[in-house]
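Engineer: output the structure for:
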Amino acid sequence: MIRQRLAAALVLILSLAGTGSLMAADIFVIGGKEDDPFWTIVRRGVEDGARLVEAEQGSVTWLGLADYDDLGADAAALIRDAIRRGADGVIAPDWHPALMDPALAEVVAAGIPLVIYNAGGARAAERLGALAYIGSDDYLSGRMAGDYFASRGARRVVCINTLPGLENIADYCRGLGDGAAAAGAKGETLVLAPGSFGDRDQVGAAIKARLLAQPEIDGIFTVGNLDAMAALRAVNRAGKAGRVQVGSMNFDEGSLSSIRLGAQLFAVDQQGYLQGLIAVTVLNAHANFGLNLPAKEIRTGPAIVDRSNMDQVLRGVAKGVR
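Structural biologist: Residues are numbered from 1 along each chain as shown. Predicted structure coming up:
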């Protein structure tokens, strides 16, 4: 109900401004897999933003990845597909700059407005000539996690990188190491093979082996909620339950349940719903009214989700936006 009211209010505001010169913008949004819980929430935000675009006779087209095996190259192909299909605006993450920046540069070179969201930060927006970056600060997310682990007694924490080559994932792990070190703990990274993200057997086996080989490890941080359950299972199978704490980027109902029960310590929220909603709204406003933001970055996170704020988070979950 709240989402419908927001969309209706935006439509009313723009109708009062006058719609005679509106351009029917066809916006293309690049995102993750359809069955990835985090990207389901991002897409919900995109769809709610699309209500405004559609009220102005425009359209929003979602182009999602089929898998994460060759993520950077596949995302670049989707960006170029949007250009070929006559996009009036493109919204895309910048997960893998080496592979994706050339495609994103082609968007700008073609005179198509670009918004970077979810990954890349203000640096990517400035570098590529995008209107803005909408999303969380990936390095700060990791740093916050490292500090949180240390504040709860962890002394040696491992960041499990299951998406090697992606700059935002490397930033999570780098930030975790710096945050832990600043609080007197130690952070390190375990890099797994490409294609391991979300593979519970592969991820779980790697974490269990690391825990058995290095018994001083007392914290595991996963770069996505899809790996959190694998980490929890690995901790149990290694006989470390109660001695090794688990945290993750993002969350779903399973990980929230684990946090509520005390099995998982925390998650870092980047509020994906707002990333999708704000990105579409900003790009549509630029296409129709020439509006621009005074800053290149709107942050949607990070924030810690733990047992202390569980009730508030669950209210968002019940509405399908967290």
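
Engineer: please count neighbours and contacts with C-alpha atoms only from this point.
Structural biologist: OK.

Engineer: residue 142: neighbour count?
Structural biologist: Using other CA atoms under 10 Å, the number of residues around residue 142 comes to 30.

Engineer: can you pull out the helices in the stretch 201-322 of the chain?
Structural biologist: Listed in chain order, the helices of the stretch 201-322 of the chain (DSSP state H, counting those that start in this stretch) span residues 225-237, 253-261, 272-289, 310-318.

Engineer: which one of those helices lies closest to residue 138?
Structural biologist: Residue 138 lies closest, by CA to CA, to one member of those: helix 272-289, at 13.0 Å.

Engineer: how about residues contacting the closest one?
Structural biologist: With CA atoms under 8 Å, 6 or more residues apart in numbering as the test, helix 272-289 has contacts from 21-25, 27, 38-39, 41-50, 52-53, 88-89, 91, 113-115, 117-118, 131, 134-135, 291-292, 300, 321-322.

Engineer: got the buried residues for it?
Structural biologist: Judged by neighbour count (16 or more other CA atoms under 10 Å), helix 272-289 contains these buried residues: 272-288.

Engineer: equivalent analysis for stretch 197-216, please.
Structural biologist: For stretch 197-216, burial by neighbour count (16+ other CA under 10 Å) applies to 197-198, 200, 202-208, 210-211.

Engineer: avg pLDDT for that stretch?
Structural biologist: Regarding stretch 197-216, the rounded mean pLDDT is 97.

Engineer: tell me how far it lies from the chain's centre.
Structural biologist: 24 Å (CA atoms, centre = their mean, to the nearest Å).

Engineer: what does stretch 125-144 give?
Structural biologist: Relative to its parent chain, stretch 125-144 has a centroid offset of 11 Å by CA atoms, centre = their mean.

Engineer: now swap in stretch 246-257 and tell me
Structural biologist: What separates the centre of stretch 246-257 from the centre of its chain is 14 Å, taken as CA atoms, centre = their mean.

Engineer: which outside residues touch that stretch?
Structural biologist: With contact meaning CA under 8 Å, 6+ apart, stretch 246-257 is reached by 37-38, 145, 219-225, 228-229, 231-232, 263-270, 310, 317.

Engineer: what residues are up against the residue nearest the centre of the chain?
Structural biologist: Per CA atoms, centre = their mean, the C-alpha nearest to the average position across the chain is that of residue 118, at 4.8 Å. With contacts defined as CA under 8 Å, 6+ apart, residue 118 is in contact with 92-94, 133-136, 272, 275.

Engineer: those in helices, which ones?
Structural biologist: Where the contacts of residue 118 overlap with helices, as defined by DSSP state H, the overlap consists of 272, 275.

Engineer: pipe the contacts of residue 118 into CSV and attach pLDDT and distance to residue 173 per row.
Structural biologist: Below are these laid out as CSV (pLDDT from 0 to 100; distance: CA to CA, whole Å):
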residue, pLDDT, distance to residue 173
92, 98, 22
93, 98, 19
94, 98, 17
133, 98, 21
134, 98, 21
135, 97, 18
136, 97, 15
272, 97, 20
275, 98, 22
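
Engineer: what's the farthest-apart pair in the contacts of residue 118?
Structural biologist: Maximum distance among the contacts of residue 118 (CA to CA): 15.1 Å, for 94 and 272.

Engineer: on that earlier part again, between the contacts of residue 118, which is closest to residue 215?
Structural biologist: Looking across those and measuring by CA to CA, the closest to residue 215 is residue 136, at 33.1 Å.

Engineer: report the buried members of the contacts of residue 118.
Structural biologist: If we count by 16+ other CA under 10 Å, those have these buried: 92-94, 133-136, 272, 275.

Engineer: for the residues you listed, which one is nearest residue 245?
Structural biologist: Minimum separation from residue 245 among these (CA to CA) is found for residue 136, which lies at 23.9 Å.

Engineer: check contacts around that closest one.
Structural biologist: 118-119, 121, 270-271, 299-302.

Engineer: need the max-distance pair from the residues you listed.
Structural biologist: Longest distance between any two of those is 14.9 Å, between 121 and 271; criterion CA to CA.

Engineer: what are the boundaries of the helices in the stretch 51-200 of the chain?
Structural biologist: Counting by DSSP H, counting those that start in this stretch, the segments of the stretch 51-200 of the chain that form helices are 71-84, 97-109, 121-128, 138-151, 167-182, 200-213.

Engineer: may I see the ones you listed arranged in JSON lines, with distance to residue 251 as well?
Structural biologist: Converted to JSON lines, the helices of the stretch 51-200 of the chain look like this (distance: least, CA to CA, whole Å):
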{"stretch": "helix 71-84", "distance to residue 251": "21"}
{"stretch": "helix 97-109", "distance to residue 251": "26"}
{"stretch": "helix 121-128", "distance to residue 251": "21"}
{"stretch": "helix 138-151", "distance to residue 251": "14"}
{"stretch": "helix 167-182", "distance to residue 251": "15"}
{"stretch": "helix 200-213", "distance to residue 251": "16"}
